[in-house]
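> structure here, sequence nowhere to be found:
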């Protein structure tokens, strides 16, 4: 089973890129972020024609998450992260697919920091950790996939000082990610590639793609019972170099 996470950065604008990648890569499950589309504008007909069922939660202009499943329909279980009823951002969706509980999450960016947006990021992390702990207690196979907006360690960002004040690499952001992993989750990409950068994001500015000035922001975390099934992992970097591409590339894993 091949599972991928892909911040598409506007699904309708980049629909040709997405459909081309789906045809080439043939993932069984795809977690999408930053749809930037209202629910009614989600391109479900094109997705279905490509051979995928889907569940989604959209939001005009910002955010938005979806889960696609090849030759089947995901069984929707949640459309929001528990813990704050006042939080209306479309940042979390959860569904069962072929015996595995899958999430697509888009963690807040947190910039500028310090400030309310960074506080929201850390609070969202705490809510995610609380919910993740409950999922672990259920002892079911789970994949927490998505754009975490955190480069967890120095090897997850190109050599630079220009991001030093950015929320993506702050000690508190990295500590929150580390605390989540400490529950028992397996960082699948890093588990398979312990020493390679494995970047998934290259900002549009300052020729960062051409310079390979990237960050690893997109992660697939596996529950303890699922981790032994991990056989392969990677990043489809060439997708980032296409015309009209998202600033992210798909990260993926293969389970035995």
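Cool, got the structure. A quick note: this is a predicted structure, and the numbers were derived from the prediction, not measured. Numbers count the residues shown, from 1 in each chain.

> alpha carbons only for contacts and neighbour counts from here, please
Fine.

> which residue ranges form the strands in the stretch 101-250 of the chain?
Residue ranges of the strands in the stretch 101-250 of the chain, as given by DSSP state E, counting those that start in this stretch, are 142-147, 186-187, 218-222, 230-235.

> leaving out chain neighbours, which residue sits closest to the residue most central in space within the chain?
Centroid check for the chain by C-alpha atoms, centre = their mean gives residue 146 as the closest residue, at 1.5 Å. Once flanking residues are discounted, residue 146 sits nearest to residue 105: 4.6 Å by C-alpha to C-alpha, 6 or more residues apart in numbering.

> does residue 227 really touch residue 187, like I thought?
No - using C-alpha atoms under 8 Å, residue 227 is not in contact with residue 187; the gap is 9.0 Å.

> who's more crowded, those two?
Neighbour totals were compared for residue 227 and residue 187, and residue 227 leads with 20 against 16 (other C-alpha atoms under 10 Å).

> and stretch 173-185, what's buried?
173-174, 176-177, 180-181, 184-185 (16 or more other C-alpha atoms under 10 Å).

> quick check, nearest of the residues you listed to residue 30?
Closest to residue 30 out of the buried residues of stretch 173-185 is residue 185 (19.6 Å), distances taken as C-alpha to C-alpha.

> and that closest one, what does it touch?
Taking C-alpha atoms under 8 Å, 6 or more residues apart in numbering, we find residue 185 in contact with 221-224.

> can you pull out the helices in the stretch 1-150 of the chain?
In the stretch 1-150 of the chain, the helices defined using DSSP state H, counting those that start in this stretch lie at 15-25, 44-49, 116-137.

> residues in contact with the shortest one?
It stands for helix 44-49. Helix 44-49 has contacts (C-alpha under 8 Å, 6+ apart) with 19, 53-54.

> can you check stretch 190-206 too?
Contacts of stretch 190-206 from elsewhere in the structure, counted by C-alpha under 8 Å, 6+ apart, are 155-157, 189, 208-209, 212-218, 232-235, 237, 247-251.

> same check on stretch 18-29?
Contacts for stretch 18-29 (C-alpha under 8 Å, 6+ apart): 1-4, 8, 11, 47, 50, 67-70, 97, 239.

> could you redo the last one with a cut-off of 7 Å?
1-4, 50, 68-70 (C-alpha atoms under 7 Å, 6 or more residues apart in numbering).
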